[in-house]
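# Just need the structure, nothing else, for what follows:
(chains A and B)
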Amino acid sequence: MTTLRRTALYAILVALALVFVTPLVWMVITSLKTYDAAQQIPPSWLPDPLAGYGYEQVLDNSQNPVLRWFLNSMVAATLHALLVLVTASMAAYALARLRFRGRGVLFALVVGTLFIPPTSLIIPNFLIVDTLDWIDTLAVVIVPGAASAFGVFFLRQFFLSLPRELEEAAVLDGANQWQIFFKVVLPLSKPALATLAVLSFLTNWNDFLWPIFVLFSPEMLTLPPGLGLLQGSYVTDYPVIMAGAVLASVPVLILFVLAQRHIIQGVSRSGLKG
Amino acid sequence: MADVIEVGAARGDAPPPAAGAARRGTSADRAKRATPYLFLAPYLILFGIFGLLPIVLGLWLSVHQWDFQLPNRPFVGLDNYTDLFSSDSAVYADWWQSVRATAIFTVLSVPLLVVIPLGLALLLNRSFPGRTFFRAIYFAPYVLGVAVIGLLWRFLLDANLGLVNSLLGAVGLPADTPWVTDVPWAWVSLVGVTVWWTSGFNAVIYLAGLQDIPAELYEAAKVDGASAWERFRHVTLPGLRPVLLFVITTTVLASANVFGQSFLITQGAPGTETRSVVWFIVEEGLRDNDAGRAAAMSIVFALMLAVVSIANFRLFRYRED
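Here you go, the predicted structure:
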């Protein structure tokens, strides 16, 4: 590449990066402004004076207990990811490696549901969680989503790609299927399990449509419906709203920085299945 | 495909020695035969209750007048369906307005979400220092939830206090565009925000596809004197076809299921003009307590999406011939 072309390439890359990043930077800048500073027209690029106002409002707030929402989101997303890992890995192992009657039909049924838009099942699912008396409890945002076929499909593909030799050797050593699953297959699948855990955590942390209809009490909300409530009570008090948005973003942005490889790989692999 | 081959191979295998030796009916044998089902049980319980049951229940609900508040839920046959298509029913106008809103959003957003990420992927599909960094930056908005980006853009697009109008004003353009309260601006906003939010996601899928195209094909095309455009047209695009089909199909589905953007950014404005189908369904079913009608809408909507997806597949299959 000539110097000129290289310079042009970087100019484009940096310009695009600014488009993607400026809104996020603006969120942080605004969260550090006072109410008056955020009402200025045109807005200033630096929070002057630098203020903890937005965060004070958000962190000490009995009507909008943002810290509680943060905790709820953390608990829900963590337990959801664990539930997905346990149930999907066991089912995927059976579908990839064990022989039993009805395996083909079952797999077709599970994969078939991947083609049904989850939004079209919201109304009946509401009725089901209502019957279970789960409305307005954290179970309602932890459990139903784990029925998704994605995890099973994703891990089954991974298990099928593992060499069979190690498992066959374990069988010769007298291991049963449980021992093979826990001692041979799972340790070999750490990267895939990590990817699925991170993706499940992100999906659950960010879920908005379902929780706004099944969680009501201020102290039961997760962050996404909570942010909606915050916008409703603060309207144009943007430092407060942006402080809430920053608190909801920080954990997933940290997770993204730490697990970038897993997230990107998970996404690109989901494309190749098609 | 892999499944068929694998099942065939497994059937051809001799049974493992332990199973062959065990007698039918011994408890060890029974335990062994139960093993696959024990592995499956935890997931199947979830899948049964929250994956399969709602499908059946949705069909059941759709032929009843079902109010969460009322004890009587009479069977009404196909009324919930026919209401959606008869212009004198109470729900007709709102329903078709939401279908129209969803169609506009989908038709405007999908081409951009197919082309722009492809451009990003082509830009990133070469080796230069900082490649991984830029890929991460472009992908970053996608890891944020719709609640965060909705609140953020509602603010950025605020006609008075927003950064967008202030930047436009700074370069001498009109600084008073009502981005979130009037059409056509509301459509521009919803589509623009969605492009900003999810382009990185599609770009990463394209990148994986681009890396699967053998470098020799490009070398051969270069030797034959093909220009950059000809290489793109005759090597890149054909190599990307399966990935392109995947991106188009999933993007159409994602766009058609739009909810959070219009719920939070335009809040349906002006009036309910930007209210999407998914929003209208949950509103009807969970706020107005008409679960039967909402279930019927869900099913009609799912069928509409199925038709669009099948059309996509056919279009691409024919092009391949």
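# got the phi/psi numbers for residue 149?
This is for chain A. Reported as degrees, to the nearest 10, the phi and psi values for A:A149 are phi -80, psi -10.
# right idea, wrong chain: chain B
Dihedral angles of B:I149 (phi, psi; degrees, to the nearest 10) stand at phi -70, psi -30.
# Not counting residues beside it along the chain, what's closest to it?
Excluding the flanking residues, the one nearest B:I149 by CB to CB, 6 or more residues apart in numbering or on different chains is B:W197, at 5.3 Å. From N, CA and C alone the C-beta is placed, and that goes for glycine too.
# So the one you found versus B:L112, what's the distance?
12 Å (CB to CB, to the nearest Å).
# which residues in chain A form strands?
The residue ranges that make up strands in chain A, judged by DSSP state E, are empty, as it has none.
# so what's the residue of the stretch 51-200 of chain B found nearest chain A up against?
Shortest the stretch 51-200 of chain B-to-chain A distance, computed as CB to the nearest CB: residue-wise this is B:G145, at 2.9 Å. B:G145 makes contact with A:W205, A:N206, A:D207, A:F208, A:L223, A:P224, A:A248, A:V252, B:G260 under the criterion CB atoms under 8 Å, 6 or more residues apart in numbering or on different chains.
# Touching, the second one and A:L227? I think so.
No: in this structure, A:N206 is not within contact of A:L227 by CB atoms under 8 Å, at 10.9 Å.
# So for these two, which residue has more residues nearby?
Neighbour comparison, A:N206 and A:L227: the larger count goes to A:L227, with 27 against 23 (by other CB atoms under 10 Å in any protein chain shown).
# returning to that earlier point: between A:N206 and A:L227, which contacts overlap?
With CB under 8 Å, 6+ apart applied, the overlap between the contact sets of A:N206 and A:L227 consists of B:A147, B:V148.
# Check the chain and tell me which residue is nearest its centre.
Let's take chain A. Using CA atoms, centre = their mean, the residue of chain A that lies closest to the mean C-alpha position is A:L202, 1.2 Å off.
# meant chain B actually
Centrality entry for chain B: nearest residue to the mean C-alpha point is B:A254, 2.2 Å, by CA atoms, centre = their mean.
# what helix or strand does the closest residue to that residue other than its chain neighbours sit in?
Leaving aside its chain neighbours, B:A254 sits nearest to B:T198 (7.2 Å; criterion: CB to CB, 6+ apart). When secondary structure is defined by DSSP states H and E, B:T198 falls within helix B:185-211.
# Buried residues in that helix, which are they?
B:185-187, B:189-210 (16 or more other CB atoms under 10 Å in any protein chain shown).
# packing partners for that helix?
Counting by 3 or more CB pairs under 8 Å, 6 or more residues apart in numbering or on different chains; DSSP states H and E, the packing neighbours recorded for helix B:185-211 are helix A:3-31, helix A:260-272, helix B:92-124, helix B:131-143, helix B:146-156, helix B:237-256, helix B:260-261.
# Next, the angle from the first one to helix B:185-211.
Translated: helix A:3-31. With axes from the mean of the first three to the mean of the last three CA atoms, to 10 degrees as the basis, helix A:3-31 and helix B:185-211 are set at 130 degrees to each other.
# other SSEs contacting helix A:3-31?
Contacting helix A:3-31 under the criterion 3+ CB pairs under 8 Å, 6+ apart are the following elements: helix A:53-59, helix A:238-258, helix B:92-124, helix B:131-143, helix B:146-156, helix B:163-170, helix B:185-211.
# if you set the cut-off to 6 Å instead, what comes out?
Helix A:3-31 sits against helix A:238-258, helix B:131-143, helix B:146-156, with contacts defined as 3 or more CB pairs under 6 Å, 6 or more residues apart in numbering or on different chains; DSSP states H and E.
# tilt between it and helix B:92-124?
140 degrees.
# Would you mark the buried spots in helix A:3-31?
Taking 16+ other CB under 10 Å as the basis for neighbour counts, the residues of helix A:3-31 that come out buried are A:L13, A:L16, A:A17, A:F20, A:P23, A:L24, A:W26, A:M27, A:I29, A:T30, A:S31.
# average pLDDT for that helix?
Mean pLDDT, helix A:3-31: 95.
# what about that helix, distance to the chain center?
25 Å (CA atoms, centre = their mean, to the nearest Å).
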